[in-house]
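After the sequence you'll find the predicted model.
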Amino acid sequence: MKSKNDWREVVQRVVKSEMSMRGVKYQGLSERLAAIGVVQSADNLRNKINKGIMGADLLLQVLYVLNARPLNTETLQAVLDDFESGQ
């Protein structure tokens, strides 16, 4: 069974991966969110993402503005496997 911290690590890794793939920094993410009416400072986003703690609504909004790849169980399992193997 995966712990709450394992799932938080998955959130962190998925969001950071999507940001990295698109070359988006926290300020850019903040600006993209503002464009859809979501106000989050870059510092606030950094804290939430680094801790892997955010509401489902914010997670979906972040994935939306990043035009993220589809998430499925295989993707989540791969992230969990990488985490468990220490990568």
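On my side now, so go ahead.

what is the rounded mean pLDDT of stretch 61-74?
Averaging pLDDT along stretch 61-74 yields 94.

Return the set of buried residues in that stretch.
Neighbour counts over stretch 61-74 (16 or more other C-beta atoms under 10 Å) mark 61-63, 65-66, 68 as buried. Where you see a C-beta, it was placed from the backbone N, CA and C, and this is true even at glycine.

now what about it, what contacts it?
With C-beta atoms under 8 Å, 6 or more residues apart in numbering as the test, stretch 61-74 has contacts from 14-15, 18-19, 22, 24, 29, 32-33, 35-36, 38, 45, 49, 54, 75.

Just the buried ones out of the residues you listed, please.
Buried among those by 16+ other C-beta under 10 Å: 14-15, 18-19, 24, 29, 32-33, 45, 49, 54.

just those now: which is nearest residue 85?
residue 14 (16.8 Å; C-beta to C-beta).

Contacts only, for that closest one.
Contacts of residue 14 (C-beta under 8 Å, 6+ apart): 68, 71, 75-76, 79.

Thanks again, I'm all set now.
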